[in-house]
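Chemist: from the sequence below, what's the structure:
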Amino acid sequence: MSQNEIKESLNLLQKNWDIDPILRKFILGKITNVLDYPIKVKDVVFHLPYLELEKKYILWKCFWPDCHNCCDRQGRLPLTSDDLITIGKGLKYQTTSDFIRKETLTVTYQEPGPSGQPTTMTTINLKRKTDETVHDDGTHISCRFLDEEGGCNMHPDRPGVCYLYPFSTWLENEKGMARVHASYQFTGDCPGFYLSDNLHDMRKELQDYSKIIFQYNMSSSRTNRENFASIS
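Modeler: Residues are numbered from 1 along each chain as shown. Sure thing, here's the model as predicted:
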């Protein structure tokens with residue numbers, strides 16, 4: 001996302017939520033004295049930002065059901081192999097191939113990797129609207145499965161990327177073993193970020209999401225191996 005898009009998202013967010021001015025500056029890239037604070041929780045290494053001058057960690061918690069911005073302003077919904085099977089059955093498709101043909105799009109895009117170099121991704125994405133095309137990829141669209149009360153009509157069988165938010169994840173080789181890493185997505189759409197002196201306040205979220213993130217990455221790896229999607 002461009003800085004203008006993130007700024008637009010923050011401005012929309014501030015109509016309904018109070019955003020700490022320090023957090024706003026950070027999300028807009030105006031704070032540079034930031035350390036990467038890695039913390040290992042079970043099978044996942046979380047990379048949490050630490051603001052040196054403010055001596056604060058940036059932590060997160062979810063405000064659902066008071067907030068459903070992540071569903072109302074979707075950029076894309078890439079699916080794992082587990083998603084393809086589970087969601088296809090939930091939508092009453094007889095075969096996974098029928099579900100893929102009628103309800104998804106295959107798109108290719110670039111994302112910044114952990115080293116800053118661009119990574120080319122090809123994924124199968126759930127259509128966020130029935131007439132979505134590849135030209136809509138990366139744009140803000142309200143998910144068609146979001147009901148009027150802010151609930152998900154797919155829950156609990158929603159795509160893995162939905163319950164992963166606001167984290168992004170990647171795998172690294174650690175002495176021959178795959179190590180899962182996770183960091184935040186700062187799109188400007190989530191009101192759940194806050195500043196804290198210590199990590200204790202987020203202990204439960206880190207424990208819960210460690211399991212979620214590890215399972216998602218294993219599922220995503222199977223998606224690539226089974227030729228549902230690719231990465232280069």
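
Chemist: which residues in this structure form helices?
Modeler: With DSSP state H as the criterion, the chain has helices at 3-13, 21-27, 69-72, 81-90, 96-103, 160-164, 203-225.

Chemist: what are the buried residues along the shortest one?
Modeler: Using 16 or more other Cβ atoms under 10 Å as the burial criterion, the residues of helix 69-72 that qualify are 69, 70, 71. In this view, the C-beta of every residue, glycine as well, is placed from N, C-alpha and C.

Chemist: now swap in the second one and tell me
Modeler: Residues of helix 21-27 classed as buried: 22, 23, 24, 26, 27 (neighbour count, 16+ other Cβ under 10 Å).

Chemist: can you put the residues you listed in JSON lines and add distance to residue 179 and pLDDT?
Modeler: Listed next are these as JSON lines, based on distance: Cβ to Cβ, whole Å; pLDDT from 0 to 100:
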{"residue": "22", "distance to residue 179": "31", "pLDDT": "97"}
{"residue": "23", "distance to residue 179": "29", "pLDDT": "97"}
{"residue": "24", "distance to residue 179": "32", "pLDDT": "97"}
{"residue": "26", "distance to residue 179": "26", "pLDDT": "96"}
{"residue": "27", "distance to residue 179": "27", "pLDDT": "96"}
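
Chemist: now distance to residue 150 too, for those, in TSV please.
Modeler: Shown next, in TSV, are the buried residues of helix 21-27 (distance: Cβ to Cβ, whole Å):
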residue	distance to residue 150
22	28
23	23
24	24
26	27
27	23
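
Chemist: among those, which one sits closest to residue 127?
Modeler: Nearest to residue 127 among these is residue 27, at 28.7 Å by Cβ to Cβ.

Chemist: and the gap between that closest one and residue 14?
Modeler: As judged by Cβ to Cβ, to the nearest Å, residue 27 and residue 14 stand 12 Å apart.

Chemist: before we move on, what about residue 72?
Modeler: Residue 72 is 15 Å from residue 14, by Cβ to Cβ.

Chemist: quick revisit: which of the buried residues of helix 21-27 lies closest to residue 48?
Modeler: residue 26 (12.4 Å).

Chemist: so the closest one sits against residue 51, correct?
Modeler: Yes. Residue 26 is in contact with residue 51 according to Cβ atoms under 8 Å; the separation is 7.0 Å.

Chemist: shared neighbours of these two, anything?
Modeler: Counting by Cβ atoms under 8 Å, 6 or more residues apart in numbering, the shared contacts of residue 26 and residue 51 are 34, 58.
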